[in-house]
Each structure stands twice: as C-alpha cells, then as structure tokens.
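Student: fold the following for me, if possible:
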Amino acid sequence: MTAEFCDNGALVEARYREITDVARPDAVEYQHARGKLTARERITLLADEDSFCEFGGLARPLEHGSDDQVVIADGIVTGTAEIDGRPVVLIVSDFTAAGGTNGFLGGEKIRRCWELAASRGTPVVMLLEGGGHRIQEGLDSREFGGGFDLIEMETRLSGWVPLVGAILGPGFGGPALLASLCDYVVAVRGIATFGMAPPGLVKAAVGEDISAEDLGGADAHASYGTIDAAVDSEADAMEAIRRYLSLMPSNASADLPVHHSRQPDAAAAAQLDSVVPTNFRRAYDMHKLIAGLIDADSLVELKTGYAPNMITSFGRLDGQTIGIVANQPMVRAGVLDSAACQKTARFVSLCDAYGIPLVVLIDLPGFAVGSEAERSGLARRSGKLIYEFGVATVPRMTVVVRKGYGGGYAAMSGGRTYHPELCLAWPHAETAVMPVETAVQVAYRREMAAAPDPEARRAELIAKFKGQLDAFRSAEAFGVDAVVAPNETRSLLARARRALPRHRMMVTTTPRRHGVAPM
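Tutor: I've put the predicted structure just below:
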C-alpha cells in the first residue's frame, strides 16, 4: 500500500478479519473451555452453508470506562441467512465480546433485525447468551430514562413471523426478556442459566442464596413452562430449531410448508386398535396414539416439562402441518388443571396466529376439583382456554378417544362446542356430565339410602345410566359426525385436512375491537 494507491480489497479484508474468531484466540479458547461454541460457530452450525450475510459487524462502541478497549460488534452478531433453503433473520449474542452485553449500538442492530423481519415477513432466530444491556451504559438516566421501544417492536412481530429463541449460556435479564416473547424456546442443559436476575443480584435484593442452576437451569425452566424443551447439546438445540421452523410458515400470510407424506411409525400404527384400554381406570401413553396417526418423525412438542397432563405438539398429517392438543392419561388421568388450561390456551393462540389447523384428541375426567384447584385460579384459567378456542379462526378436528366428562369435555372442543369441521368418536368412548359412579352417588344418594338393599340399587342405577353414555348414542343424536375404528382415523383426518382452508369461512363477527381475555 502506498500514498498513490490504496488496496481497497485488502483494507476491507483486514477490518473484517478483526471481528472473526481467528483474531481473538484467547477469547475463543475461554469460550471453548466452558463447553460452549462461539457466536460464529453457532451460526455455521445452524445456517445453510455460505448463506449468512452479516450487517453491523463493524459497529464498535468504546466500552464505558476504557478509552482503548472496544467491544467487537457491540457484543452481538446480526444478519440474514437461510435454514433449509428458507430465509431467516439472525440475532446472536457474542459472549467473547464483553460477555455478550450490548448497549445503544447493539440495540440499533436488533432494531434493524426487527425491521427486516417485519418488512420481509421472515422468521427471527435468536441465539442468546450474556448479560443483555451493558450495566455501564445503564447507570446514566440520560441513556436509560427513555426506556427501550425494542420490546414493543418485538411484540408487534409476534403472530406475524415465527420468533424462535435458544438460551446457550448465562442469560439473566435482557436475554430472558427477549426469549419470553418467542413462540418457541430451547435451552441447553449444563450451560444455560437464565431468568429475571442472576444469583448475585437475587442475594443482594432479597437475601436468597441459590445457585444459578437451581435458580434458572434448563430443566428448572422447562418445569416452569418458560421454555419448550431442554436439550443436551448445542447441536441438539440447532436441530430442534430446524425441525420447528420446518413446520411453520415464514409468516402469517405465507403458505404452510408441505412435505412428502410419510406413513406413521409402523409399530405405533399396528397397535392403534389396542393402545387405548377399554378399562377407563387404566392409563396409557397418548404419545403412542399420536405416533400412530401422524407422519413418522414429524412431531415437535412444546412445553414438554410443564403441565405434562396435556400434550401440545406440531406434526404433519399427510405431509401437511397440524397442531395437536391431547390429554395425557399417564399423568393425572389427563385432567384439566390450571397449568394445563394455560398451556393449551397459549398453543391454540399460536396455531391460530399462523393458520395451522388443530386436531384435538379427548380423553379426560373433566376439570380438576378441590381447594388446590381453586387456589390455582382454575376458574380464571379455564376461561382463558375457552376464550382462545372460541376466538380461534383456524379449522379444528376433534376425536373423542375414550372419555369426556363435564365442563372439561366442552372446554376441550367436545362435540359441537366450537363447531369443529370434523367430530369423530371411537367405539368405546363415552361422554357425560360426570362419571356414572360419581353422578349416582350425588344425585341418587337419598333413593339408594331408602332402598332395601342400597348397594344393589346403586349397581342397578349405574348399569342403567352406563348404557346411555356410549359413542353410538351420541352419534344417534348427531353430537358427533361418525363413530370410527381407530385404524380408520388417520385417513379420515387426512382427507378432511386436505380440504380445509387456512381459516374458517363462517366465523361470526360482531362490531367490536376485540374480546377481553380472562386473566
């Protein structure tokens, strides 16, 4: 390079080399020693080869309190890429640069990501780790007092484009807030710890002495319902993100992805006629039933560690995406408690946002009862479930697998409650206001007490009413469209799915801005 000639290519290459991992071997070694990949290694692992296009890489604010130390890219890598051939916007924390914290410029880079996602209708993937907003830039009210409209911008993206997050290290504060608004979040066991505040701040604020893992580890947050899945490695996290996005449209107006149809898992399909015990007191795993209905290897379950008495999953039926809501008899008989209502309501809302038809598989004893259920706010949370089912515009198909009792049956889309496009029942299914044994005890207590043989009269009443609850009787009154054998169910659902629009055509409208959702 001379005064007369400037090698522009070399100059550009030199400046961009400074932001690569090669230029910071000590920081990279520290990250690797803690069992973690760098931001750029994560992008390579997730995105299609040579598809990442970075912007803002040269952003370099001076770190507060130091005139000679800069924070590479303000601690955050942003850009566009492709995942399985589909465009996405990436926001990736760089823990090797000031612990992944970012300030004003980092916020502006995130703003740029939001703007691109909004205008292009492109999913956003956030790979998060670090301290969020840099403390040094938050100790001056001139900079902090105005708040951060990035939060509002993310809420406006919600329901327009898929928002996906992964927690890949310490992520208390800012990263936790960003992830809280995502549709789908995974976290890696052993390296992810996150929440509203780290242990040191918790101890200083309220005196509680707790480890980061117990406070905010992946499995802990899976049980809280904060994340959708805890995974064992960063590679597993990237695979989970890819699988989720493969089922989602790029935005709420885009077509749902269609894949080649695959037959269900052979073993599960073969057992479909026998997987559900006719003895209502015997439990079984609803996952096996689902596996016999949907395309093999297409299931992506959400909130797996939270309210396990309810299953909320995406999958494919004849190559097309569906949402699945199902009671899990293996856990508390699949009862609808407060957590299950909250989990299901949120999933129904997610499906409705992206035009994904719902399949509802019913086998439940009703709503939970007792003082614990009341203290949990079940009366409010059940209203939230009913509200989301009621306002949803996506088509739904219902299958009464074994039993459906009480208000829980109605809340779960039993019968004609929400006018499903298809309502099926399996031959041994029964529906009633409550189990016969309980109903007889409540409604006929005096009659049984006055009988010469109370137990004989009780048995007589149970036998009488038991004969009035079966699926065929429900079909006689046109409460369901058809009674079908389990092994016929997939073909009927798939046939209906092919004919369904993204949103129902006959949705009653009223002159209102919106309904008022229960707490």
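Student: now for the worst-scoring helix or strand of the chain on mean pLDDT, which elements pack on it?
Tutor: Here the helix or strand of the chain ranked lowest by mean pLDDT, DSSP states H and E is helix 141-144, holding a mean of 72. Of the remaining helices and strands, none touches helix 141-144 by 3 or more Cβ pairs under 8 Å, 6 or more residues apart in numbering; DSSP states H and E. C-beta here means a position set from N, CA and C on the backbone, and glycine is covered the same way.
Student: with just CA atoms, put that helix into CSV.
Tutor: Provided in CSV are the C-alpha atoms of helix 141-144 (Å, rounded to 0.1, in the frame of the first residue of the first chain):
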residue,chain,number,x,y,z
SER,A,141,-30.5,8.3,33.2
ARG,A,142,-29.8,10.3,30.1
GLU,A,143,-29.3,7.0,28.4
PHE,A,144,-31.7,4.7,30.4
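Student: what segments of the stretch 401-519 of the chain are strands?
Tutor: Using DSSP state E, counting those that start in this stretch, the strands assigned to the stretch 401-519 of the chain run over residues 422-425, 430-432, 482-483.
Student: need the winner for burial among the ones you listed.
Tutor: strand 422-425 (a mean of 24; mean count of other Cβ atoms under 10 Å).
Student: same question for that strand, mean pLDDT?
Tutor: Averaged across strand 422-425, the pLDDT comes to 97.
Student: what ranges of this protein fall below the confidence cut-off?
Tutor: For the chain, applying pLDDT under 70 flags the ranges 1-6, 62-69, 135-139, 143, 146, 505-510, 513.
Student: how is it divided into domains?
Tutor: Annotated domains of the chain cover 8-247, 266-429+470-499, 436-469 [automatic domain parsing].
Student: would TSV of those domains with distance to residue 259 be doable?
Tutor: Shown next, in TSV, are those (distance: least, Cβ to Cβ, whole Å):
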stretch	distance to residue 259
domain 8-247	8
domain 266-429+470-499	5
domain 436-469	40
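Student: which one of the ones you listed lies closest to residue 515?
Tutor: When the domains of the chain are compared by Cβ to Cβ, domain 266-429+470-499 sits nearest residue 515, at 5.9 Å.
Student: the closest one: end-to-end distance?
Tutor: This stretch, domain 266-429+470-499, spans 26 Å end to end (Cα to Cα, to the nearest Å).
Student: distance from it to the middle of the chain?
Tutor: Relative to the chain's own centre, domain 266-429+470-499 is displaced by 16 Å; criterion: Cα atoms, centre = their mean, to the nearest Å.
Student: kindly report the same for stretch 420-437.
Tutor: 28 Å.
Student: could you report the neighbour count for residue 498?
Tutor: Look at residue 498: counted by other Cβ atoms under 10 Å, it has 11 neighbours.
Student: hang on, isn't it packed against residue 320?
Tutor: Yes. Residue 498 is in contact with residue 320 according to Cβ atoms under 8 Å; the separation is 7.4 Å.
Student: all helices of the stretch 351-500 of the chain, in order?
Tutor: 371-375, 378-391, 406-411, 436-443, 445-450, 454-466, 471-476, 486-499 (DSSP state H, counting those that start in this stretch).
Student: name the residues of the fifth one that are buried.
Tutor: Spelled out, that is helix 445-450. Buried residues in helix 445-450, counted by 16 or more other Cβ atoms under 10 Å: residue 448.
Student: put the alpha carbons of that helix into CSV.
Tutor: Taking C-alpha atoms only, helix 445-450 is exported to CSV below (Å, rounded to 0.1, in the frame of the first residue of the first chain):
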residue,chain,number,x,y,z
ARG,A,445,-78.0,-40.7,47.4
ARG,A,446,-81.4,-40.5,49.2
GLU,A,447,-83.0,-43.0,46.9
MET,A,448,-80.2,-45.5,47.5
ALA,A,449,-80.3,-44.9,51.3
ALA,A,450,-84.1,-45.7,51.3
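Student: ok, back up a step: past the least confident helix or strand of the chain, which element shows up next along the chain?
Tutor: Later in the chain than helix 141-144, the nearest helix or strand by DSSP states H and E is helix 150-157.
Student: just how off-centre is the following helix or strand past that next one within its chain?
Tutor: Toward the C-terminus, helix 150-157 is succeeded by strand 163-167 as the next helix or strand (DSSP H and E). Chain-centre distance of strand 163-167: 11 Å, with Cα atoms, centre = their mean.
Student: what's in contact with strand 163-167?
Tutor: Contacts to strand 163-167, defined as Cβ atoms under 8 Å, 6 or more residues apart in numbering, come from residues 123-129, 154, 157, 175-176, 178-179, 181-188, 192, 194, 218, 227, 237-238, 240-241, 244-245.
Student: out of the helices of the stretch 351-500 of the chain, which comes closest to residue 34?
Tutor: Closest to residue 34 of the helices of the stretch 351-500 of the chain is helix 378-391 (Cβ to Cβ; 39.7 Å).
Student: re the thing from before, could you turn the buried ones of the contacts of strand 163-167 into a PyMOL selection?
Tutor: To isolate the buried members of those in PyMOL, using 16+ other Cβ under 10 Å:
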select buried, resi 123+124+125+126+127+128+129+154+157+175+176+178+179+182+183+184+185+186+187+188+192+194+218+227+237+238+240+241+244+245
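Student: and the residue nearest to residue 351 when sequence neighbours are not counted, which of the three is it?
Tutor: Closest residue to residue 351 apart from its sequence neighbours, by Cβ to Cβ, 6 or more residues apart in numbering: residue 323 at 3.9 Å. Three-state assignment for residue 323 (DSSP: H, G, I helix; E, B strand; the rest coil): strand.
Student: could you tell me how many residues sit around residue 323?
Tutor: Using other Cβ under 10 Å, residue 323 is surrounded by 23 other residues.
Student: quick one, what contacts it?
Tutor: 312, 313, 314, 347, 348, 350, 351, 356, 357, 358, 359, 394.
Student: which ones among those residues map onto strands?
Tutor: Assignment to strands by DSSP state E places the following of the contacts of residue 323 there: 312, 313, 314, 358, 359.
Student: can you redo those residues as a markdown table with neighbour count and distance to residue 141?
Tutor: Output for the ones in strands among the contacts of residue 323, formatted as a markdown table (neighbours: other Cβ atoms under 10 Å; distance: Cβ to Cβ, whole Å):
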| residue | neighbour count | distance to residue 141 |
| --- | --- | --- |
| 312 | 24 | 43 |
| 313 | 22 | 46 |
| 314 | 25 | 45 |
| 358 | 23 | 48 |
| 359 | 26 | 52 |
